[in-house]
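A.B. asks: Let me see the structure of the following:
(one chain, ligands or ions: 1)
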Amino acid sequence: MKPVSRLQALAALAAVAAAALLAYQQPAMSFVPEESKAASSPETKVARGRYLVTIAGCNDCHTPWKMGAAGPEPDMSRMLSGHPENMALPPAPKLPEGPWIVTAAATNTAWSGPWGVSYTANLTPDPETGLGKWSLQNFVDTIRTGRHLGRGRPILPPMPIPMYKNFTDQDLEAIYAYLQSIPVVRNQVPEPLPPAQ
Ligand code: HEC
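C.D. replies: Below you'll find the predicted structure:
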C-alpha cells in the first residue's frame, strides 16, 4: 500500500467509526427526555412498576408457588399475596448442617434459618392484611431502612433489602404505584417466629 492510500484508508475508517459512534449515541440522547416524560404519566408509572416487580423477582417469594404441569410455578391467582394464612405448616425442621443454612416451604413463602421463621408479606392493596394503608413514604422508608415502615422491627431474610435499598426514588415510586394497582387478596400473613432455643 502506498502511503497516500493508507492515509485515505485510515480516514475512511475514522469516518465509519464516527458514524457508528453517532448512530450509537443518538438514540441514547433522545431516550433520556423520552423516559422522564414517560415516568410522569400514571399509566406508564404502573407499567414500569410491573416490569420492575417482574424482573426483580418479587413473585418468586411473595406469590405462593404451586405444582404445575411443568413443575413448580407461581400461583398467579394469588399474585403477591404472601404466605397463605390457611396453609398448615408443621414446625420447621432442625437447622441444616453448615454450610447449608435455610429451609424453604414448597410455596417459597416461608423460610427457616438462623433468624427464625419468616413469612413473605402480602403486597396487595388490601387495607387490613396488605399494603392498602401504606403511603408511598411508608414503602420507601421500609425498603431504604430495612425496617417495617422505616421505624419498626427489622425486615428479616431472605427479603433482599441490601440490594433493593439501591432502587432509585423513581423506581420505588413506580413499584409502589403498580403494587397499589393489583387485585386485592385478603390474606393475613403470620408474624415471624424467633429462632428455636
Ligand atoms: C428472596 C425472597 C424475597 C424476594 C425476592 C422479595 N421479598 Fe419482600 N419479603 C420477603 C420476606 C421473607 C419478607 C418478610 C420478612 C419479615 O417478616 O421480616 C418480606 C417483606 C417485604 C416487605 C415488608 C412488609 C412489611 O410489612 O414490613 C415489603 C414491602 C416487601 N417484602 C416488598 C418486596 C418487593 C417490592 C419485592 C420485589 C422488588 C420483594 N419484596 C422481593 C422475601 C422476599
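
A.B. asks: So which bits of the chain are right by the ligand?
C.D. replies: Taking CB under 6 Å from any ligand atom as the contact definition, the chain meets the ligand at 53, 56-58, 60-62, 111, 118, 120-121, 123, 142, 148, 155-156, 158-160, 164, 175, 192. Placement of C-beta: from N, CA and C, glycine included.

A.B. asks: just the strands in the chain please.
C.D. replies: Under the criterion DSSP state E, the chain carries strands at the ranges 65-68, 71-74, 103-104, 110-113, 116-119.

A.B. asks: shaky segments in the protein?
C.D. replies: For the chain, residues meeting the criterion pLDDT under 70 lie at 1-40.

A.B. asks: Identify the residue spatially nearest to the residue positioned nearest the centre of it, adjacent ones excluded.
C.D. replies: Most central in the chain under CA atoms, centre = their mean is A56, positioned 3.4 Å from the mean C-alpha point. Counting by CB to CB, 6 or more residues apart in numbering, A56 lies nearest to Y164, which is 7.3 Å off, once chain neighbours are set aside.

A.B. asks: Repeat that for P74.
C.D. replies: With CB to CB, 6+ apart, the residue lying closest to P74 is T63, at 4.0 Å.

A.B. asks: Now the one you found. Its backbone dihedrals?
C.D. replies: The phi and psi values for T63, taken as degrees, to the nearest 10, are phi -110, psi 120.
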